[in-house]
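1. compute the structure for the input listed below.
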Amino acid sequence: MQPQAITFRQKERVLDVSFDDGQQFSISCEFLRVNSPSAEVQGHGGPKNIPTGKENVTIVAIEPVGNYAIKIIFDDGHDSGIYSWETLYDLGKRYTENDKGTP
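-> Numbering: from 1, shown residues only. This is a model prediction of the structure:
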């Protein structure tokens, strides 16, 4: 799957992603940040380290990574997560299906 469009709505702190299969997701910055695919959050092979206090986090930059991902840079300084298309799709599905990411 490939994204057809990626748009950041700064005021709402939401990333909109549309995929070539017709799926469209609007994912909050908070959800993207606390579910970062970075080793820091994913636990370096151990338990996940879910950051707290990220309700007001926002995106300051989005950089392409080849033809397979984007790097999202957050205003709290976190910049080590590489969000592949598959990861964005999975996060979008989880966010939508789980009442906007509520555990």
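2. check which helix or strand covers the residue nearest to the spatial centre of the chain.
-> For the chain, the residue lying nearest the average C-alpha position, counting by Cα atoms, centre = their mean, turns out to be residue 32 (3.2 Å). Per DSSP states H and E: residue 32 is located in helix 29-34.
3. name the helices or strands packed onto the helix or strand following that helix?
-> Per DSSP H and E, helix 29-34 leads on to helix 39-42 as the next helix or strand towards the C-terminus. Using 3 or more Cβ pairs under 8 Å, 6 or more residues apart in numbering; DSSP states H and E as the contact criterion, no secondary-structure element is in contact with helix 39-42. Glycine gets a C-beta too; all of them are placed from N, C-alpha and C.
4. how far does helix 39-42 sit from the chain's center?
-> Using Cα atoms, centre = their mean, to the nearest Å, the mean C-alpha position of helix 39-42 is found 13 Å from that of the whole chain.
5. for the lowest-mean-pLDDT helix or strand in the chain, buried residues please.
-> Across the helices and strands of the chain, mean confidence by mean pLDDT, DSSP states H and E is lowest for helix 39-42: a mean of 80. Residues of helix 39-42 classed as buried under the neighbour-count rule (16 or more other Cβ atoms under 10 Å) are 41, 42.
6. same check, this time on stretch 35-52
-> Using 16+ other Cβ under 10 Å, the residues of stretch 35-52 that count as buried are 35, 36, 37, 38, 41, 42, 51.
7. out of those residues, flag the one nearest to residue 59.
-> residue 36 (11.8 Å; Cβ to Cβ).
8. and the closest one, how far from residue 17?
-> Taking Cβ to Cβ, to the nearest Å as the criterion, residue 36 is separated from residue 17 by 16 Å.
9. just to revisit the earlier point, what does the least confident helix or strand of the chain rub up against?
-> When contacts are defined by Cβ atoms under 8 Å, 6 or more residues apart in numbering, helix 39-42 is touched by residues 34, 35, 36, 48, 49, 50, 51, 78, 80, 81.
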